[in-house]
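Asker: task: produce atomic coordinates for the following.
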Amino acid sequence: MLNMGGPSTVAETKDFLTNLFSDGDLIPLPFQRVIAPLIARRRTPQIEKQYEDIGGGSPILRYTQLQGDAMAKLLDELHPNTAPHKAYVAFRYARPLTDQTARELKADGVKRAIAFTQYPQYSCSTTGSSLNELFRRGKAGEMGDIEWSVIDRWGTHPGFIEAVAQNIEAALAKFPEATRSETVLLFSAHSLPMSVVNRGDPYILEVSASVAAVMQRLGHSNPYRLVWQSQVGPSAWMGMSTVEAVKGLARLGKKQLVMVPIAFTSDHIETLYELDLEYLKEARELGMEAYRAESLNDSPVFIRALADIAAQHLQDYGAGKGPTSTQMLLRCPGCNLATCGQQKSWFAQGGR
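Answerer: Got it, this is the predicted structure:
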């Protein structure tokens, strides 16, 4: 289960930020090896305070482990041919890091594994970065002899869409029935640098597809927009930003708002701090009644969706459909990263 991760304790924040800003797939920076530690050091006190404000660390590891264990249990029933199943967590920037998980896979003698992204929508900077790291560990022999396949995107899977829609409906139920349909749904996803968008990254399209599928499931009951959060640094990022959208809606006289995290599979700092403590606070100070749709966390509908996605993948793989999706093998038209092409070829051959 691949994800960016988050520091489980405040003390892990500096290492997390250093790893994050050092990743050129996520945040391309000039002189990255020199600049990344400096940025991390400067931002650590502020981010440590944010993690203190949400309870002393990120809950993403706890929820990912919970989701994985429950998924594996369901998979034993849904696809007994490959049972027993076990979920491992490999985070890109926080413990357990990919190298730690690689050693665990080797120690356990794993011979067959699925790289299952926990980013519903694919981006070279997120799923791609995690797969690049997994590829590097595999090529170095750190995981042993494993036959790999990849679940690389699932942002329009019916189970995922249903889980998101149910959480939106629960948030909408907090408003009076007479004015409920006037509530604006503000779908918020982590932004991307425009340098990544402009080389042909599919993330913007895929997040948009998720939003469209959710709105279709809701019967287009409410007005909505897709906006972008968590921009960092002076370079241009995809907009408009979530906070500016909140200000704009208030200026336009909108009084009811539901924020919807559409690109995250559990609570972490982007939901618990940015959305809850910054943007919702801003909306309420501007006179709006505003709530957030719950994150997927321990949703049984979502966990069932994960199991269904994995079971279908195993069924397709067993039928000879290959270890990767057709879409995963297409590099961005503007890509010039050699590792990306090597990684795709490696997974296309089952990690051989």
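
Asker: who touches whatever helix or strand residue 33 lives in?
Answerer: Secondary structure assignment for residue 33, by DSSP states H and E: helix 32-53. Helix 32-53 has contacts (C-beta atoms under 8 Å, 6 or more residues apart in numbering) with 7, 10, 13-14, 17-18, 20-22, 24, 29, 57-58, 233, 269, 273, 277. Every residue, glycine included, has its C-beta placed from N, CA and C.

Asker: what ranges does this structure have for its helices?
Answerer: 13-21, 32-53, 60-78, 98-107, 127-139, 158-172, 194-197, 203-217, 242-251, 269, 280-285, 300-318, 338-348 (DSSP state H).

Asker: indicate which one of these is closest to residue 1.
Answerer: Among the helices of the chain, helix 60-78 comes nearest to residue 1, with 5.1 Å by C-beta to C-beta.

Asker: CA atoms only for that closest one, dumped as PDB, please.
Answerer: This file holds the C-alpha atoms of helix 60-78, laid out as PDB (Å, rounded to 0.1, in the frame of the first residue of the first chain):
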ATOM      1  CA  ILE A  60      -2.300   8.200   8.200                       C
ATOM      2  CA  LEU A  61      -0.300   5.100   9.200                       C
ATOM      3  CA  ARG A  62      -2.900   3.900  11.700                       C
ATOM      4  CA  TYR A  63      -5.700   4.200   9.100                       C
ATOM      5  CA  THR A  64      -3.600   2.700   6.300                       C
ATOM      6  CA  GLN A  65      -2.800  -0.300   8.400                       C
ATOM      7  CA  LEU A  66      -6.500  -0.600   9.500                       C
ATOM      8  CA  GLN A  67      -7.600  -0.400   5.800                       C
ATOM      9  CA  GLY A  68      -5.000  -2.900   4.700                       C
ATOM     10  CA  ASP A  69      -5.700  -5.500   7.400                       C
ATOM     11  CA  ALA A  70      -9.400  -5.300   6.700                       C
ATOM     12  CA  MET A  71      -8.900  -5.500   3.000                       C
ATOM     13  CA  ALA A  72      -6.700  -8.600   3.300                       C
ATOM     14  CA  LYS A  73      -9.300 -10.300   5.400                       C
ATOM     15  CA  LEU A  74     -11.900  -9.700   2.700                       C
ATOM     16  CA  LEU A  75      -9.600 -10.700   0.000                       C
ATOM     17  CA  ASP A  76      -9.200 -14.200   1.600                       C
ATOM     18  CA  GLU A  77     -12.900 -14.600   0.900                       C
ATOM     19  CA  LEU A  78     -13.100 -12.800  -2.500                       C
END
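
Asker: many thanks, I have nothing further to ask.
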